[in-house]
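# next one to model:
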Amino acid sequence: MFDTLTESFRSAINKIRFHDDEKALKKALTELKKSLLKADVHHKVVKELITQVEKDVKAVGIGRDAFLNALAKRLKDILTAKGNQGFVFAPKPPTVVLMTGLQGSGKTTTTGKFAYMLKEHKKKKVLVAAADLQRVAAVEQLRQITQQVGVDLVADENATPYEIVKEALKKAKDGLYDVLLIDTAGRLAIDEELMDELAKIKEIANPDEIFYVADAMTGVDAVRTAATFNEKIGITGVILSKYDADSKGGVALGIAHQVGVPLRFIGSGEKMPDLEPFIPDRIVSRLMGAGDIEGLIEKTSAIIDEKSAKKINKKIKKGQFNFNDFLEQLEQMKKLGSMKSIISMIPGMSGIAKQIGDIDLENSKELKHIKAMINSMTPKERENPDLLNNSRKRRIAKGAGLDQMQVNRVLKQFKQAAKMAKRLSGKGGMKQMQEIMKQLKGGGIPPNLMR
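This is a model prediction of the structure:
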């Protein structure tokens, strides 16, 4: 997600890695400036960052560690804006949230992701209002998303946006919902009609939060439009969408600093779980290549049941991991969202995440074959893969639409994976994992910036 920026910092730090003089610092700062401008960071933000880093480094003495510490400190300052980070619920439910943005920014999809996060991670009862009657099929898109996520929707293509909002407010209060998300209309560009409609909806809804969804691919334009929305109707935070696309990442460094409202969430990937809180400390850690273990723990603990995890771990240690366990784990992994995003949270693994791209647990051809194969097994065969002799394999291959060679290959891979998991779960497992990481890094993965 932050590949371009992380590479920028790595390149700059390499200029000062083996020298600690004024000349080396100047080279590092010049490299940093070029890289940041190339990554679409606003020139005013770049100038301020370079000036402050240079000042901080010289104050303590030129060196790699001093440069790293100064850079991390100033990045945190730039990414931090007034107001809270994450999401704060109103003292008295429902918490009303207005979702705003231009057409094409990913606002409706982000509304669905937000609903998913509140329902799955925070265990809240969520209601969504389809008040975007401007874009053709916006209501139908939201209807499909809310059905997929499993939350309720207030929608009526024949009503006005104001009627929808009033009905949703009543339903949210009467139905004891925790959160009401209102998806508002957008335009291809900011105009007076759009702002008038939003102002009236704001007056009716009296929202606790007004989020502006900004398209990361628009670069510095995202900063300008967010500033205009803030000036016209007032926003309490920005959600940056499409951050996994071809965006260079620089907009994240400027939007909070320039607009003066916090960047609250980042959307990366097309799946509903692909939305995460924007917390400056953690983002800086990832930018510097140090991962985000705290964020990873929060994300996984909200999805993965602790009792189930302990049960699976015991089975792995005993060598009893079976195909039913595999399917159960696969379903839980799907809820985590983008695998690329998950892997990038592990310290030192951002390079690997970049190389592997993303693993699609929904549409992977290989995983579809495996699931078809497992579904062709009897309950006893799933519980005990050792029962699978040649005649059983032939039956399974026929039922899954595969040949026996494919079935044999999957079974072999499954046994190898189970053995590896058993080995890593035992004594010295962490040491073996570290050795694996070293071997992976030896294959051309750039070393972690942080020691």
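
# Ala131 versus Phe414, what's the distance?
Distance of Phe414 to Ala131, given as Cβ to Cβ, to the nearest Å: 49 Å. C-beta here means a position set from N, CA and C on the backbone, and glycine is covered the same way.

# and these two? Which one has more around it.
Legend: neighbour count by other Cβ atoms under 10 Å for Phe414 and Ala131, higher for Ala131 (30 against 18).

# any idea where the helices of the stretch 51-200 of the chain begin and end?
Counting by DSSP state H, counting those that start in this stretch, the stretch 51-200 of the chain has these helices, from start to end: 64-79, 107-120, 138-149, 161-174, 192-205.

# chain center to the second one, what's the gap?
To tie it back to what came earlier, the one meant is helix 107-120. 12 Å (Cα atoms, centre = their mean, to the nearest Å).

# surely Leu29 and Gln52 touch.
No. Contact between Leu29 and Gln52 fails when scored by Cβ atoms under 8 Å: they sit 10.9 Å apart.

# name the SS class of Ile266, please.
strand (DSSP: H, G, I helix; E, B strand; the rest coil).

# okay but it is in contact with Pro280, surely?
No. Using Cβ under 8 Å, Ile266 makes no contact with Pro280, being 11.9 Å away.

# show me which of those two is the more surrounded one.
When neighbours are counted by other Cβ under 10 Å, Ile266 and Pro280 differ, and Ile266 comes out ahead with 23 against 18.

# any idea how far that one is from Lys122?
Distance from Ile266 to Lys122, by Cβ to Cβ: 17 Å.

# got the CA positions of stretch 264-283 in CSV?
Below are the C-alpha coordinates for stretch 264-283, written out as CSV (Å, rounded to 0.1, in the frame of the first residue of the first chain):
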residue,chain,number,x,y,z
ARG,A,264,-9.6,8.6,9.5
PHE,A,265,-9.6,5.4,7.3
ILE,A,266,-7.9,3.9,4.3
GLY,A,267,-9.6,1.6,1.8
SER,A,268,-7.4,-0.8,-0.1
GLY,A,269,-8.8,-3.6,-2.2
GLU,A,270,-12.3,-4.3,-3.5
LYS,A,271,-13.4,-6.7,-0.8
MET,A,272,-15.7,-5.5,2.1
PRO,A,273,-13.0,-6.2,4.8
ASP,A,274,-10.5,-3.9,3.0
LEU,A,275,-10.9,-0.8,5.2
GLU,A,276,-8.7,0.0,8.1
PRO,A,277,-8.4,2.9,10.7
PHE,A,278,-5.7,5.5,9.9
ILE,A,279,-3.5,5.8,13.0
PRO,A,280,-0.4,8.0,12.4
ASP,A,281,2.0,6.0,14.7
ARG,A,282,1.1,2.8,12.9
ILE,A,283,1.2,4.3,9.4
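
# pull the distance from it to the chain's centre.
Using Cα atoms, centre = their mean, the offset of stretch 264-283 from its chain centre is 4 Å.

# residues of it that come out buried?
Across stretch 264-283, burial judged by 16 or more other Cβ atoms under 10 Å covers 264-280, 282-283.

# inside strands: which ones of those?
Counting by DSSP state E, the part of the buried residues of stretch 264-283 found in strands is Arg264, Phe265, Ile266, Gly267, Leu275, Glu276, Pro277.

# and which of those is nearest to Gly254?
Ile266 (14.2 Å; Cβ to Cβ).

# okay, now the nearest residue to Arg382 once chain neighbours are set aside: neighbour count?
Distances taken as Cβ to Cβ, 6 or more residues apart in numbering put Phe323 closest to Arg382, at 4.3 Å, once the chain neighbours are dropped. Other residues near Phe323 come to 22 when the count uses other Cβ under 10 Å.

# same deal with the one 5 residues further on?
Residues lying near Glu328 (other Cβ under 10 Å) number 15.

# quick one, grab the pLDDT at it.
Listed pLDDT for Glu328 reads 75.

# ok, it to Lys412 distance?
Distance from Glu328 to Lys412, by Cβ to Cβ: 22 Å.

# residue contacts, the residue lying closest to Gly106 once chain neighbours are set aside?
Nearest residue to Gly106, sequence neighbours excluded (Cβ to Cβ, 6+ apart): Ser241, at 3.6 Å. Taking Cβ atoms under 8 Å, 6 or more residues apart in numbering, we find Ser241 in contact with Ser105, Gly106, Lys107, Thr109, Thr110, Val213, Ala214, Asp215, Ala216, Gly267.

# contact partners for Leu402?
By Cβ under 8 Å, 6+ apart, Leu402 lies in contact with His369, Ala372, Met373.

# A helix includes it, no?
No. Leu402 is assigned coil when assessed by three-state DSSP, not a helix.

# related to what we said a few turns ago, so which of Leu29 and Gln52 has more stuff around it?
Comparing Leu29 with Gln52 by other Cβ under 10 Å, the one with more neighbours is Leu29, at 20 against 16.

# pLDDT value on the more buried one, please?
87.

# what's the distance between it and Leu79?
20 Å.

# low pLDDT regions in the stretch 201-350 of the chain?
244-250, 285-310, 312, 332-350 (pLDDT under 70).

# which stretches of it form strands?
When assigned using DSSP state E, counting those that start in this stretch, the strands of the stretch 201-350 of the chain occupy the ranges 209-215, 237-241, 263-267, 275-277.

# those strands: which one's closest to Gly150?
Comparison of the strands of the stretch 201-350 of the chain against Gly150 by Cβ to Cβ identifies strand 275-277 as nearest, at 15.8 Å.

# tell me what that closest one is packed against?
helix 107-120, strand 263-267, helix 293-303 (3 or more Cβ pairs under 8 Å, 6 or more residues apart in numbering; DSSP states H and E).
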